[in-house]
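S.K.: need a 3D model of the sequence below.
(3 chains)
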Amino acid sequence: MTIIDPTDAIPAPRSGDAEKTGPLLEVRDLHVEFQTREGLVKAVNGVNYSVDSGETLAVLGESGSGKSVTAQAIMGILDMPPARIPQGEILFHGRDMLKMSGEERRKLRGARIAMIFQDALSSLNPVLSVGYQLGEMFRVHQGLSRKEAKVKAIELMDRVKIPAAAARVNDYPHQFSGGMRQRIMIAMALALEPDLIIADEPTTALDVTVQAQVMDLLAELQREYQMGLILITHDLGVVADVADKIAVMYAGRIVETAPVHELYKRPAHPYTRGLLDSIPRLDQKGQDLYAIKGLPPNLLKVPSGCAFNPRCEKAQDICRTELPPLVPVTERDGTELPGRASACHFWKETIHG
Amino acid sequence: MAELTKADEPTDATPNVSDVEVADVHSEEEAVAALDAHVDRGEPILQVRNLVKHFPLTQGIVVKRQIGAVKAVDGISFDLYQGETLGIVGESGCGKSTVAKLLMNLERATAGEIFYKGQDITRLSGRALKAVRRNIQMIFQDPYTSLNPRMTVGDIIGEPFDIHPEAAPKGDRRRKVQELLDVVGLNPEYINRYPHQFSGGQRQRIGIARGLALNPEVIICDEPVSALDVSVQAQVINLMERLQNEFNLSYIFIAHDLSIVRHISDRVGVMYLGKMAEIGTDEQIYDHPTHPYTQALLSAVPVPDPDAREHRERIILTGDVPSPANPPSGCRFRTRCWKAQDRCAEEMPLLAVPERFKGSDSPAAHESACHFAEEKDVVHAA
Amino acid sequence: MSEKTIERPTTDEAALAKEIEAEEKAAARQASLLKDGWADLRKRPMFLVTAFVIVCLLALAIAPSLFTSRSPFSDGFCQLQNSMNGPSSGHLFGFDVQGCDIYTRTVYGTRNSIVVGVVTTIATTLIGGLLGMLAGLVGGWLDALLSRITEVFSALPLIIGGLLIMSIWRTGDVWSVSFIMAILGWPQVFRIMRGEVISNKYNDYVMAARALGAGSGRIAFRHILPNTLAPVIVITTMNLGVYIAAEAALSYLGIGIQYPNISWGLMISDAQDRFLTSPHALLFPAGALSLTVLAFIMLGDVVRDAFDPKMR
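M.R.: This is a model prediction of the structure:
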């Protein structure tokens, strides 16, 4: 165990943060590629997004969209190689994390930025009690004794509403249900009161009634601690429930960003529109479902021009040749729509009909 | 697709609804109710009566002792009619996948009967079982594990013909396989490819083609789209609907995604801990649920409408599903139910139209296994 | 793309035909996992090197007379006056204690090593594979019984097992040594096969075949067996080298191949006493043994890299 400089270990006070020069986290023109046997996979191709304290950004995308890879790059947990970050910046409190030393990043991880994974069972060590694993954060980052760490662990378990926390602190992960394990993961992420939490499909593996409990808990804790939250998901329902703003990813790029209410009312990208139209409704029996034709893109061979063009009904020749930039979306009369952007040559036709 | 019309029924599959057996079932209150509800649809193609599956829990290596049983399915009854889709929803561990395996005879039922056209198939074996299998087929959840990676698509879809040579003359098989590929929207030239060369959605289409090969009447779909990307789910759902119309198929559609189940199903059954909590038409279940569990389940579904999040009522259940090895006494849902009273622990509620709705025309008058059933619309609560 | 597909409302594949056709070129090469592995193997330099060495060894084993004009079994092959003479022209490896040409004996020893390796590998694969498959497929009491028997055999160390069997049945030819090693070696293949069968048995595609009404023979040979082959191939290749080394070890200890048969292990054993004065008598057979074992183990290694799905 390394001794950690206490100034680093204690999270900086959130108000009047001296280093704060912009958003809490800003990703700029991030690229990630993987060297595989089949060739170079460009998983992320120039992603830009930002999150502020107390804000929830939902990153929406299907498999292969690059949403999880972006998150892993932010956390600094990509396996490099095979992964490579040829360009881009990840600014946390204004400082580029990609330029930090390994040691500096390690101190940020867990303490200032924490991550919640989809599969809580495999993210917890099966041979250690949950109390020990929760306490580990305090022992490593704050140098607490075993006893003190255990008290803190029980406190945390109480905070994520695990019943009879004091009695269960010595139980092992397999003795908890899926929902309870995910709560333990949340407790672990919260342990050091980080500024930013990245949740990668946190409820996908859970049943719907448990999913609601866990999402509620996460949202409540986020409000309480004024954390930034990046929620990575493919579930349009979950996004609508908790997000403030949304970034839709497709083939390693952001194709649309918008505040949550705007996106569902008036999507400005054909892919987003297609996704919204292709999910069945709970409150009424629909007619035929709209189906986006074709297959999700193969990252080894991303189509030229707009990656969505082979599946797009609006596609013209320009879509096949020219990559559409992510441009601000405005009202018909040119009034700005804050936070809205679309990477479609025909965004006007898409949003304004 | 006239070529795919079924050959003559196997002789041993002739309807022989033994009056004695059915009379037995009639004595069960829930069965009566189940039969009463759908008198107008003619004979059901599949009748499930008090189906039970207990997996024994054993201890000891040399001498195995049974120390208990996981009651995965504990007395379920429902009917399936020609050309309809019956959705079965529930959370993990509720026994819905076990129901699928029991219907397919991949697991032997501990008790109860499954009548296919009047013939109990739970005790069949050998030739008679094989004959029934021609008529009841299955689509699996995971398109990555349900296709043998060492067989070509042609071999996979053609395998049903190898097993049932009477279904297609030998020289005809390749053409039939290509026809099936075409039916599910795949290029018939893909016949010599291997599964790993396809994406998830395409693989699921291959699985569907295999299920269709013997031209079955009933297809059991166990979470057929839950492993697929959102944009591909709609394609597969539309395909399944089109095939249903084209071949007059009956589906049992098992899923945990309530929105998809509503979209595709004519009737829906809600399962909880090995029992059916509520069953009715999609409108009855989704718009007029009377069982507290259904209401909680529906209210927990995240709706893709951010405006709904402020004023939608959420029933957040506490706790987790109890273990099916040791289910609660009386009503199985009572440990998580906000309405639970002493009666719920003592008396198991039967699946029947609740007393207060009997004889009413209201859509709330459908079978619900709750002592305190009352209507509550949680989906349109806005 | 046929016209038929376009008619169908959900045949979106039609639009993607081009994209798929492009992918097809890449995909056509790798039709299945086995072919995939083979394609991968051919690209590895290590495979080419080891394969070359093994081909040479096989040539030596099959036709030793092509590589040397002498025959170790002819009269007058060993001349005592040459005893322990070092390498010279015409006798590149020198002579051993008996005055026999070491080069010729090494060349002829290749056959015994390879035969023992191959025969043992085939025997262990057949016994272990068949029993493992049976245990995995049938399960229940048969599985329990076979697994216990396996444990008994694998509890016997090779040396002790060899000593025991040799003391009863001491012919000391290639076949008896192969027999001993096969008897002691099959449990390893058994365990791998049984594990693979059991893990494949519960796969959805086996379930799907059962749902179609497939019989147990069809399920075993069409669905389970082909999916267990890759790991068995890997272990088999690696074992070849291991068995060759084990034969040498047994022969060295005097419980393997016996005179008048030729074995590298035996040659090493004979030469060890005079190693300081005439090292050549030990170094040449030892070198041949090392090269052979290394070649097979390296081959097993590259084969595993190419076939093991976890490595992909």
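
S.K.: can you give me the neighbour number for the residue in the stretch 151-300 of chain A that chain B sits nearest to?
M.R.: Nearest residue of the stretch 151-300 of chain A to chain B, counting by Cβ to the nearest Cβ: A:G237, 3.1 Å away. Backbone N, C-alpha and C define where each C-beta goes, glycine included. A:G237: 19 surrounding residues under other Cβ atoms under 10 Å in any protein chain shown.

S.K.: so it sits in a helix?
M.R.: Yes - assessed with DSSP: H, G, I helix; E, B strand; the rest coil, A:G237 lies in a helix.

S.K.: pLDDT score for it?
M.R.: In the prediction, the pLDDT value recorded for A:G237 is 85.

S.K.: name the residues that touch the helix or strand harbouring B:E278?
M.R.: Assessed by DSSP states H and E, B:E278 sits inside strand B:275-281. Contact partners of strand B:275-281, identified using Cβ atoms under 8 Å, 6 or more residues apart in numbering or on different chains, comprise B:34, B:74-78, B:266-271, B:285, B:289-291, B:293-294, B:332-333, B:351, B:363, B:366-370.

S.K.: restricting to C-alpha, output that strand in PDB.
M.R.: Taking C-alpha atoms only, strand B:275-281 is exported to PDB below (Å, rounded to 0.1, in the frame of the first residue of the first chain):
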ATOM      1  CA  LYS B 275     -47.500 -18.700 -10.500                       C
ATOM      2  CA  MET B 276     -49.700 -16.800 -12.900                       C
ATOM      3  CA  ALA B 277     -50.600 -13.500 -11.200                       C
ATOM      4  CA  GLU B 278     -52.900 -12.100 -13.800                       C
ATOM      5  CA  ILE B 279     -54.000 -13.000 -17.400                       C
ATOM      6  CA  GLY B 280     -56.100 -11.200 -19.900                       C
ATOM      7  CA  THR B 281     -56.100  -9.400 -23.200                       C
END
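
S.K.: can you point out the buried residues in it?
M.R.: B:275-281 (16 or more other Cβ atoms under 10 Å in any protein chain shown).

S.K.: just stretch A:183-197 next, same as before
M.R.: Those would be A:183-192, A:194-197, for stretch A:183-197 by 16+ other Cβ under 10 Å.

S.K.: how about a markdown table for these, with distance to B:P44, secondary structure and pLDDT added?
M.R.: Below are those laid out as a markdown table (distance: Cβ to Cβ, whole Å; DSSP: H, G, I helix; E, B strand; the rest coil; pLDDT from 0 to 100):
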| residue | distance to B:P44 | secondary structure | pLDDT |
| --- | --- | --- | --- |
| A:R183 | 44 | helix | 82 |
| A:I184 | 47 | helix | 85 |
| A:M185 | 46 | helix | 85 |
| A:I186 | 47 | helix | 84 |
| A:A187 | 50 | helix | 84 |
| A:M188 | 51 | helix | 84 |
| A:A189 | 51 | helix | 83 |
| A:L190 | 53 | helix | 82 |
| A:A191 | 56 | coil | 81 |
| A:L192 | 60 | coil | 80 |
| A:P194 | 57 | coil | 86 |
| A:D195 | 60 | coil | 88 |
| A:L196 | 56 | strand | 89 |
| A:I197 | 51 | strand | 89 |
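
S.K.: what's the closest of the buried residues of strand B:275-281 to C:G185?
M.R.: Nearest to C:G185 among the buried residues of strand B:275-281, counting by Cβ to Cβ, is B:K275 at 53.6 Å.

S.K.: biggest helix in chain B, by residue count?
M.R.: The residue-count maximum for a helix in chain B (DSSP state H) belongs to helix B:230-247.

S.K.: mean confidence for it?
M.R.: Rounded mean pLDDT across helix B:230-247 is 88.

S.K.: for it, what is the distance to the chain centroid?
M.R.: 17 Å (Cα atoms, centre = their mean, to the nearest Å).

S.K.: which helices and strands does it pack with?
M.R.: When contacts are defined as 3 or more Cβ pairs under 8 Å, 6 or more residues apart in numbering or on different chains; DSSP states H and E, helix B:230-247 sits against helix A:270-278, helix B:200-212, helix B:258-264.

S.K.: out of those helices, which gets nearest to chain C?
M.R.: Checking the helices and strands packed on helix B:230-247 against chain C by Cβ to the nearest Cβ gives helix B:200-212 as the closest, at 7.0 Å.

S.K.: quick one: buried residues of that closest one?
M.R.: Result for helix B:200-212 [16+ other Cβ under 10 Å]: buried residues B:200-212.

S.K.: measure A:E103 to chain C for me?
M.R.: Relative to chain C, A:E103 is positioned 32 Å away (criterion: Cβ to the nearest Cβ, to the nearest Å).
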